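S.K.: Everything below, folded, please.
(one chain, ligands or ions: 1)
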Amino acid sequence: MPNLIPQPTQYIPLPGVFNLSPETAVTVAVADLQSLGELLAASLRTATGFPLPVRVGESGALHLALISDPDLGPEGYRLEVYPEGISLQAPHPTGLFYAIQTLRQLLPPESSPTIIQACQIRDQPTFRWRGVMLDVARHFFGMADLKRLIDLAAGYKCNVLHLHLSDDQGWRLAINAWPRLAEYGGSSASNGAPGGFYTQPEYQELVAYAQSRQMLLVPEIDMPGHTHAAIISYPELKGTTKSDELYTGAEVGFSSLAIHEKITYKFLAEVLGELATLTPGPYLHIGGDEAHSTPEPEYKTFIERLQPIVRSLGKTPIGWEEVGKADLDPATVVQYWWNADFASRAAAQGNPLIMSPARKVYLDIKYDPTIRLGQDWTQSYIDVRDSYDWDPLTILPEAKSDQILGIEALLWTETTATRDDVDFMIFPRLCAVAEVGWTPSGQRRWNDFRIRLSAHGPRLEALGVKFYRSPQIPWQA
Ligand code: TNX
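M.R.: Numbers count the residues shown, from 1 in each chain. As a prediction, this is how the structure comes out:
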């Protein structure tokens, strides 16, 4: 078995090898697949230095085609490697993108040898939601960092990038109708780090970049708590907060929008209206977590008023598990993170669920007590095995399996200020979570995963990722 992550559902070795050579060409069956052909060629060019021209036609040793095979679903693919050539086939371009990611992993990380063991792979994901969240509010990360994260996560077949765009410490998206949100509210970050925000054209560029990597961008504006940066930018929004100063600390739960003021709903409609226009994807994440300064009945009122606003914009709301306290629209998606009681209340209402259990997929929790970065409020540490050895279908007993859309790993960034910090907390735990999302749980074995992961050390290194060398993994030198 080659060292693929996530492990494909079916891998059959065949006799012989395919040799990538300076003469190898990429062909695509129809012109629509040209950009995928280019993506494949570009990644192999970097690895091999070979020219790898891309043409529309049949004759190339690397051939991409759409096929009819309904059992593969919207994201599945077939990848067949023979001594004469390699065929990548899928019912949809998404599947071809994943076939390309698998093929990249079949090649060694170094440029030679460029030999691939012949094989047949048939593969498709277990869960349709395989997300990663980055908190760009506590610390701000620029466009280059986000595109790099998209490439890395998509390489492990994650398909959602959730951006936590606002919090007490900063507001990160320019809103035309409320310009001070980004200009003033975006000027701060945790621990006095520099702030920043995305312009609307930048945000759209990011959406398109994510799309080209088959990732759905899910934006989050966290409300009614976690809103200090918005409130000091526009004090008329204030129900409660700490002070009039920019906030750079790490406490949570002290801010709340004014639930009974008309202006709050004008704000919501305009901010979410602009966000909906900029976001082609179907979801807007409205936060809803840790609103400790919003009295419970008001919290309920707020969520119940917010849902129809999102719906009227043609979008589906997603909220953290606390929204389970309110009466939910059937389509509202709920994200479980810590409190099984709140999450179960959402599960009992029958709503779709995303699983982000803090003890498994909180990538801001320390690997072990000696780690400089990260938090430990979960009163447990998360080494790679903890992120790997769990089943999204049984983690919340009240949830029915058909309610569970999938999983999402989260990086809150109170303690992570740089790209290297982020790399260190995300990798290699994201590799483990990616496999939990993709590979059927009955096929997953920790002892097998840790060996496969060890081969990804040199790959991650070649990509400049400063990952954590967990002692659980027999890393290759
Ligand atoms: C809880 S998880 C939070 C975040 C913090 C995180 C730190 C969630 C929905 N809220 O505000 O950053 O813990 O681990």
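S.K.: As a check, name the ranges of all strands in the stretch 251-400 of the chain.
M.R.: Listed in chain order, the strands found in the stretch 251-400 of the chain under DSSP state E, counting those that start in this stretch are 256-257, 283-287, 316-320, 333-336, 353-355.
S.K.: Any buried residues in the second one, and which?
M.R.: Going by neighbour count (16 or more other C-beta atoms under 10 Å), the buried part of strand 283-287 is 283-287. All C-beta atoms are positioned from the backbone trio N, CA, C, and that covers glycine.
S.K.: okay, now the domains of the protein?
M.R.: Domain assignment of the chain by automatic domain parsing yields the ranges 10-123, 129-462.
S.K.: end to end, how far does the longest one reach?
M.R.: One end of domain 129-462 to the other measures 28 Å (C-alpha to C-alpha, to the nearest Å).
S.K.: Any part of that domain near the ligand?
M.R.: Yes: with C-beta under 6 Å from any ligand atom as the threshold, domain 129-462 lies in contact with the ligand, specifically through 252, 289-290, 320, 337, 362, 364, 375, 412, 414.
S.K.: average pLDDT for the helix or strand hosting Val132?
M.R.: In this structure, Val132 sits in strand 129-135 according to DSSP states H and E. For strand 129-135, the mean pLDDT works out to 98.
S.K.: Can you spell out which helices and strands pack onto whichever helix or strand comes after that strand?
M.R.: Proceeding C-terminally, strand 129-135 gives way to helix 143-155 as the next helix or strand, assigned by DSSP H and E. Contacting helix 143-155 under the criterion 3 or more C-beta pairs under 8 Å, 6 or more residues apart in numbering; DSSP states H and E are the following elements: helix 93-106, strand 129-135, strand 160-164, helix 200-212, helix 419-426, helix 429-438.
S.K.: So, low pLDDT: which residues of this structure?
M.R.: Regions of the chain meeting the criterion pLDDT under 70 cover residues 111-113.
S.K.: of all the helices and strands packed on helix 143-155, which lies closest to Leu149?
M.R.: Evaluated with C-beta to C-beta, the helices and strands packed on helix 143-155 place strand 129-135 nearest to Leu149, the distance being 6.4 Å.
S.K.: Let's see stretch 382-394 as CSV, backbone CA atoms only.
M.R.: Output of stretch 382-394 as CSV, limited to C-alpha atoms (Å, rounded to 0.1, in the frame of the first residue of the first chain):
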residue,chain,number,x,y,z
ILE,A,382,-4.5,16.5,21.6
ASP,A,383,-1.8,14.5,20.1
VAL,A,384,-2.2,13.1,16.6
ARG,A,385,-3.8,9.9,17.7
ASP,A,386,-6.5,11.8,19.6
SER,A,387,-7.4,13.6,16.3
TYR,A,388,-7.4,10.3,14.5
ASP,A,389,-9.1,7.7,16.7
TRP,A,390,-12.7,8.8,16.8
ASP,A,391,-15.9,8.3,14.9
PRO,A,392,-18.0,11.3,13.9
LEU,A,393,-21.1,9.1,13.9
THR,A,394,-20.9,8.1,17.6
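S.K.: and the residue of the stretch 351-477 of the chain nearest the ligand?
M.R.: Of all residues in the stretch 351-477 of the chain, Trp412 sits closest to the ligand, with a separation of 3.3 Å (C-beta to the nearest ligand atom).
S.K.: quick one: that residue and Asp423, what's the gap?
M.R.: Distance, Trp412 to Asp423, using C-beta to C-beta, to the nearest Å: 15 Å.
S.K.: who's more crowded, the two?
M.R.: When Trp412 is set against Asp423 and neighbours are counted by other C-beta atoms under 10 Å, the residue ahead is Trp412, at 25 against 22.
S.K.: wait, that one sits on Arg138?
M.R.: Yes: the pair Trp412 and Arg138 qualifies as a contact (C-beta atoms under 8 Å) at a distance of 6.6 Å.
S.K.: and Pro51, that one's in a strand?
M.R.: No: read with DSSP: H, G, I helix; E, B strand; the rest coil, Pro51 is coil and lies in no strand.
S.K.: Could you count how many residues lie near it?
M.R.: Summarising burial for Pro51: neighbours were counted as other C-beta under 10 Å, giving 11.
S.K.: just to revisit the earlier point, nearest to the ligand, of the buried residues of strand 283-287?
M.R.: Distance from the ligand was checked for each of those by C-beta to the nearest ligand atom. The minimum falls on Gly287, at 7.5 Å.
S.K.: Now the closest one: closest residue in space that isn't a chain neighbour?
M.R.: Excluding its sequence neighbours, the residue lying closest to Gly287 (C-beta to C-beta, 6 or more residues apart in numbering) is Asp222, at 3.0 Å.
S.K.: Parallel or antiparallel, list what pairs with the host helix or strand of that neighbour.
M.R.: Secondary structure here is read from DSSP H and E; on that basis Asp222 sits in strand 216-223. Strand 216-223 has the following sheet partners, assigned by DSSP bridges: strand 160-164 (parallel), strand 283-287 (parallel).
S.K.: For the first one, give me every contacting residue.
M.R.: The one in question is strand 160-164. By C-beta atoms under 8 Å, 6 or more residues apart in numbering, the list of residues contacting strand 160-164 from outside reads 129-137, 146, 149-150, 153, 172, 210, 215-220, 222, 285, 408, 410, 412.
S.K.: Write the PyMOL selection for whichever of these are buried.
M.R.: Entered in PyMOL, the line below selects the buried ones among those, by 16+ other C-beta under 10 Å:
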select buried, resi 129+130+131+132+133+134+135+136+137+146+149+150+153+172+210+215+216+217+218+219+220+222+285+408+410+412
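S.K.: The nearest residue to Val323 once chain neighbours are set aside - how many residues pack around it?
M.R.: When the adjacent residues along the chain are set aside, Val323 lies closest to Gly288, with 4.4 Å between them (C-beta to C-beta, 6+ apart). Residues near Gly288, counting by other C-beta under 10 Å, number 30.
S.K.: i'd like the first residue to be 51 from this point on
M.R.: New numbering, starting at 51: the last item is Gly338.
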